[in-house]
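S.K.: What follows is a predicted structure for the sequence shown.
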Amino acid sequence: MPAPIGVLALQGDFREHRQTLAAIDVASVEVRTLADLAKCSGLIIPGGESTVMQKLAVAYDLFQPIKDALKSGLPAFGTCAGLIMLADEIVDGIPGQTGFGGLDVSVRRNAFGNQLDSFEVDLDFHGVSGPAVHAAFIRAPIVERVGENVEVLSSLADGRIVGVRQGNLMGISFHPEVTGETRIHELFVSMVRA
């Protein structure tokens, strides 16, 4: 790797992402400042609370710099709330809610209900070989619309889209970092290397 992969560490499960990267021998750095962002060859936006993440990114003067970096080609991978932050449209956001954008998709937050409605399922995932990906959905979003340049990477059995990629950006609805699944992080690392 030319430089470590950054994990946005303002809120959410950033520690689990760093542990997953360590498990596949990839260096990482927690991103809380512009100097941290400048060190990164790619950026992971973790699960958490998208509205809080937006407010903290603004408060830490990171919101516009991250948006600009993604537009300039910085590879990014968003899980759960991170997918919401990468979406161009949040169909049920609170007033004033916005993300970094870049993925030509529309997402619905908490599409499966609350914490008690969390579930796990095995999924086929384009670009990942071997057995099905074991996915944990925790207050997860769903992709309701994809633009013509967006590649669908994974869907549930009922057709609802839970994994997408467009250029340098990849977003998923679930949490591979909490189930011990490393192959999606490996896929992102291959995107960064390319």
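M.R.: Perfect, thanks for sending it. Numbers count the residues shown, from 1 in each chain.
S.K.: for this protein, what spans make up the strands?
M.R.: Remark: strands assigned in the chain by DSSP state E are 5-8, 28-31, 42-45, 76-79, 87-90, 103-108, 119-123, 133-137, 142-146, 151-155, 161-166, 169-172.
S.K.: what's the closest of these to D61?
M.R.: Taking Cβ to Cβ, strand 28-31 is the member of the strands of the chain nearest to D61, at 12.3 Å. The C-beta positions use only the backbone N, C-alpha and C, and glycine is treated the same way.
S.K.: Might one say that V107 is in contact with A140?
M.R.: No: at 9.9 Å, V107 does not count as touching A140 under the criterion of Cβ atoms under 8 Å.
S.K.: that older thread, right, so of the strands of the chain, which gets closest to L56?
M.R.: Short answer: strand 5-8, nearest of the strands of the chain by Cβ to Cβ, at 9.2 Å.
S.K.: Report the distance from that closest one to the chain centre.
M.R.: 11 Å (Cα atoms, centre = their mean, to the nearest Å).
S.K.: Run through who's touching that strand.
M.R.: Defining contact as Cβ atoms under 8 Å, 6 or more residues apart in numbering, one finds that strand 5-8 is touched by 14, 17-18, 21, 26-31, 36-37, 39-46, 53, 57, 62, 66, 82, 188-189, 192.
S.K.: Report the spatially closest residue to R109, excluding sequence-adjacent ones.
M.R.: P141 (5.2 Å; Cβ to Cβ, 6 or more residues apart in numbering).
S.K.: For the one you found, what are phi and psi?
M.R.: Backbone torsions for P141, taken as degrees, to the nearest 10, come to phi -80, psi 170.
S.K.: need the contact list for it.
M.R.: Here P141 is in contact with 80-81, 83-84, 107-111, 173 (Cβ under 8 Å, 6+ apart).
S.K.: now these in a markdown table, with neighbour count, pLDDT and distance to R183?
M.R.: Below are these laid out as a markdown table (neighbours: other Cβ atoms under 10 Å; pLDDT from 0 to 100; distance: Cβ to Cβ, whole Å):
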| residue | neighbour count | pLDDT | distance to R183 |
| --- | --- | --- | --- |
| C80 | 29 | 94 | 17 |
| A81 | 26 | 95 | 21 |
| L83 | 31 | 97 | 18 |
| I84 | 29 | 97 | 23 |
| V107 | 29 | 97 | 23 |
| R108 | 20 | 94 | 26 |
| R109 | 22 | 89 | 26 |
| N110 | 15 | 81 | 26 |
| A111 | 19 | 82 | 24 |
| S173 | 28 | 96 | 16 |
